[in-house]
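>>> Got a predicted model here, sequence first, then my questions.
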Amino acid sequence: MAAILEEIISHKRIEIKSLDTQQIIRNRKPVSFRERLEASDTMAVIGEVKRASPSRGDININIKPEGQAAKYVSGGVDAISVLTDKNYFKGSMRDLEAVKCAVGVPVLNKDFIIDERQIDRAYLYGADVILLIVAALDDAALKRLYDYAGTYGLESIVEVHTEAEMERALAIGPELIGVNNRDLKTFEVDVANTERLLAKYGDASTHFIAESGIKTEADAERMRDAGASALLVGETLMRAAQPDATIRSLKVPRR
C-alpha cells in the first residue's frame, strides 16, 4: 500500500501518452471558487462525486453524477469535485462534463495531474478548478502546471499532506491550499493533520481547505478552529441518505 501513489502516477504516465496536444478554443471563463469562498460567511463546502476509491472499494458505482451534484447544490454546496481517474476511482471526464452541464457552481477536476495535456482536457470538459498534488510533482513541474492552468483562468488547489510539502506549496504563492488528512502513500486518515499543519502555517496569506475524514458538524467546527475556511467532503456525502442536509450541517459559521 505504501507505494500506491507511485503506482497511480505510473499508470497516469501511461494514460497521458494517449492524449493528443490540442488547439483548445478558449471560449469560456471559468467560475471562481475563490470568490465564492471569500464571499461566504460560513465554512465553504466542496462536495465530491466519487464512485470508488483504492482504500474503500466501490462506494456508489452506479451513481448518476449530475443527479448527485444537484443534491449537493440543493444543500448549498460552494463547489463540486469530480473524481475523473478511471483505473483507481472508476470516474471519467464524462462524469465531469455531466456535472458541469447540470450545475452553476464551480467544478473541480480532481485527478492526478502531471502534464499540461490533462489541463487542456480539464478546460475542454468544463473544469473551473484543478488539483495539483505536491507529492506527485517536483518543484519545477508544480510551478509550471500552476502557471499553465492560470493561462486558462483555471484556479488550482495545491494539495499538501506534510510540512515539507507545505513549504514547497507556499513557495509558489497559491491562493488555495488543500490540506489532505489522508496520507496518499498509506491512505490512512487523521483529521488532526490539518490542525498540526495550520498551527504552524495558518497565518500564511492563502485560503486553506481541509480535505478527507470530515463527517460531522463537530469535525467542521474543528477544522474551522484550526484555520481552514473550506472543506472538501467526498465519501461522507456519497454515502449520506440526505446529502443536502449533511452539507447544511457542515456549513458552520466562520469566525
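Yep, that arrived. No experiment lies behind these values; they were computed from the predicted model shown.
>>> which residue sits closest to Gly153 in space, ignoring its chain neighbours?
Pro30 (4.8 Å; CB to CB, 6 or more residues apart in numbering). (Each C-beta comes from the backbone N, C-alpha and C, glycine too.)
>>> Count residues in the vicinity of that neighbour, would you?
19 (other CB atoms under 10 Å).
>>> which of the residues in the helix or strand hosting Glu6 are buried?
Glu6 is part of helix 4-16, with elements assigned from DSSP states H and E. Buried residues in helix 4-16, counted by 16 or more other CB atoms under 10 Å: 4-5, 8-9, 12, 15-16.
>>> cool, and stretch 247-255?
Buried residues in stretch 247-255 (16+ other CB under 10 Å): 247-252.
>>> Now render those residues as a markdown table, adding distance to Asp219 and pLDDT.
Output for the buried residues of stretch 247-255, formatted as a markdown table (distance: CB to CB, whole Å; pLDDT from 0 to 100):
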| residue | distance to Asp219 | pLDDT |
| --- | --- | --- |
| Ile247 | 13 | 98 |
| Arg248 | 14 | 98 |
| Ser249 | 10 | 98 |
| Leu250 | 8 | 98 |
| Lys251 | 13 | 98 |
| Val252 | 10 | 98 |
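>>> Keep only those of those residues that are in helices.
247-250 (DSSP state H).
>>> Asn109: which of those is nearest?
The closest of these to Asn109 turns out to be Ile247 (CB to CB; 20.5 Å).
>>> show me what contacts Leu198?
When the contact criterion is CB atoms under 8 Å, 6 or more residues apart in numbering, the partners of Leu198 are 179, 208, 226-228.
>>> do that again at 10 Å, thanks
166, 177, 179, 204, 208, 210, 223, 225-228 (CB atoms under 10 Å, 6 or more residues apart in numbering).
>>> Which one (most neighbours) among those residues?
Each of the contacts of Leu198 was scored for neighbours by other CB under 10 Å, and Ala210 scores highest at 30 neighbours.
>>> How about the secondary structure of it?
Counting by DSSP: H, G, I helix; E, B strand; the rest coil, the backbone at Ala210 sits in strand.
>>> Next one: the nearest residue to Ala169 once chain neighbours are set aside from Ile63, what distance?
Closest residue in space to Ala169, ignoring its immediate chain neighbours: Val158 at 4.6 Å, by CB to CB, 6+ apart. Going from Val158 to Ile63 by CB to CB, to the nearest Å gives 28 Å.
>>> Shouldn't Arg26 be within a strand?
No - residue state for Arg26 (three-state DSSP) corresponds to coil; a strand is not indicated.
>>> residues in contact with it?
Applying CB under 10 Å, 6+ apart, we find Arg26 in contact with 123, 151-153.
>>> of those, closest to Gln22?
Tyr123 (10.0 Å).
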